[in-house]
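S.K.: structure of the sequence below:
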Amino acid sequence: MHSHRALFAATHAVRTASQWAISVDTLVESVHFDASTPVDALGYKCVAVNLSDMAAMGAIPRAIQCAWSDPHVDLPWGHALEHAIRQAAAQVPMSADLAMVLAPRRQISIQIVGEVAHGQALTRHAACIGDQLWVSGTLGDAGGGLALLHEHLHTDRYDDHDYLVQRLHRPTPRLALGQALRGIANAAIDISDGIAGDAGHIAARSKVGIRLFANRLPLSAALVRVAGASAAQRYALGAGEDYELAFSAPARLATQVQQAARRCQISVHCIGEIIAGDAVVLLDEQMRELALPPAFDHFADRQIIRDNTPDKETEDGSR
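M.R.: Below is the predicted model:
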């Protein structure tokens, strides 16, 4: 049920004062969603994950193109999906073109085009040693929602269950924050593979190391109640699908980061720092190195949901 990481996200110069920002995604049945996924949530998420790529580049979305395949020619399903996609696309001022084809498996491909002022696009390769690493929102909620749907986690609190499942099905692309961070942030990425993996993408592209502080990871009260503090932390690190922003900015601009977030009415948290090196390390409060859980790998079997389940804790930390 995990949405596929953007296959391509880059900026391309045009003969104006702006650049195009382009992203392409494909979601495949039985890999990124299954038959039980509500079609309205699926249509929304197809658009939202692409808008999240626009947010990570600080771009304004302008147009979206979508094609999907259906082996059953299920017209009611196709019409419902199209309606959901158009509703989601209508949240931002852009045009939408859609098409359906016959194929052996249901899959949905979306290309989104955005615009950003020339030279102001946020990228993954400009993090600088000494930058602080920030994230928006809370992390791990989508992983908790997926675990609930797969019955690896359980809760009697309907509000917590609904909150976490909604965070899985209906992520909020941080478009306003991405645009507000232009000229402040040095590098940015949206969190689809878990912060451990996506911080690694910034480290690799920027040729730097990253130090993450486990106690600074922002966790929702719902996730901690449902999964326990230890498992919630691991969901935040590796479960993915949160579609929050991770970004680096000079430490001297911390006040500007916080002011930009307040204007967008989004919480942000400093969870680490950019250092010399070529790896991501996770530290506890005593600066001891901790093991990093694996990030979500779209081409390998994934264990994090199952592996976290036996370690469920109560709120007071007992097992």
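
S.K.: secondary structure element holding Q111?
M.R.: Using DSSP states H and E, the element containing Q111 is strand 107-117.

S.K.: likewise T172?
M.R.: With DSSP H and E as the criterion, the answer for T172 is that it lies in no helix or strand.

S.K.: same question, I266
M.R.: Under the assignment here (DSSP H and E), I266 is part of no helix and no strand.

S.K.: over to D53?
M.R.: Assigned by DSSP H and E, D53 belongs to helix 39-56.

S.K.: follow-up on the earlier one: tell me the angle of the strand holding Q111 relative to helix 39-56?
M.R.: Angular relation of strand 107-117 and helix 39-56 on a 0 to 180 degree scale: 30 degrees, by axes from the mean of the first three to the mean of the last three Cα atoms, to 10 degrees.

S.K.: all strands of the chain, in order?
M.R.: 8-13, 18-28, 60-69, 95-101, 107-117, 131-136, 187-190, 209-213, 245-250, 268-275, 280-283, 289-290 (DSSP state E).

S.K.: can you list contacts of the fourth one?
M.R.: Outside strand 95-101, the residues that touch it by Cβ atoms under 8 Å, 6 or more residues apart in numbering are 62-70, 78, 82, 85-86, 89. In short, each C-beta sits where N, CA and C put it, glycine included.

S.K.: excluding sequence neighbours, find me the nearest residue to S220.
M.R.: Leaving aside its sequence neighbours, S220 sits nearest to T138 (Cβ to Cβ, 6 or more residues apart in numbering; 4.2 Å).

S.K.: same question but for T155, I mixed them up
M.R.: With Cβ to Cβ, 6+ apart as the criterion, T155 has its nearest non-adjacent residue at 4.6 Å, and that residue is V226.

S.K.: so who does the residue nearest to S220 touch?
M.R.: P218, L219, S220, L223, A236, D242, E244, S267.

S.K.: tell me the centre residue of the protein?
M.R.: The residue at the geometric middle of the chain, judged as the C-alpha nearest the mean C-alpha position with Cα atoms, centre = their mean, is Y243 (2.0 Å).

S.K.: I'd like to know how far A231 sits from A203.
M.R.: Shown here: A231 relative to A203, a distance of 25 Å by Cβ to Cβ, to the nearest Å.

S.K.: same deal with A67?
M.R.: The span separating A67 from A203 equals 34 Å under the rule Cβ to Cβ.

S.K.: between the two, tell me which one has more neighbours.
M.R.: The neighbour comparison of A67 against A203 (other Cβ atoms under 10 Å) goes to A203, with 23 against 16.

S.K.: give me the pLDDT for the closest residue to H125 other than its chain neighbours.
M.R.: Once flanking residues are discounted, H125 sits nearest to R205: 4.1 Å by Cβ to Cβ, 6+ apart. In the predicted model, R205 carries a pLDDT score of 96.

S.K.: output the below-cut-off pLDDT ranges for the chain.
M.R.: Counting by pLDDT under 70, the chain contains low-confidence ranges at 1-16, 94-96, 295-319.

S.K.: got the domain ranges for it?
M.R.: Using automatic domain parsing, the domain ranges for the chain come out as 8-117, 131-311.

S.K.: nearest to T123, of these?
M.R.: For these, proximity to T123 was assessed by Cβ to Cβ; domain 131-311 is nearest, at 6.3 Å.
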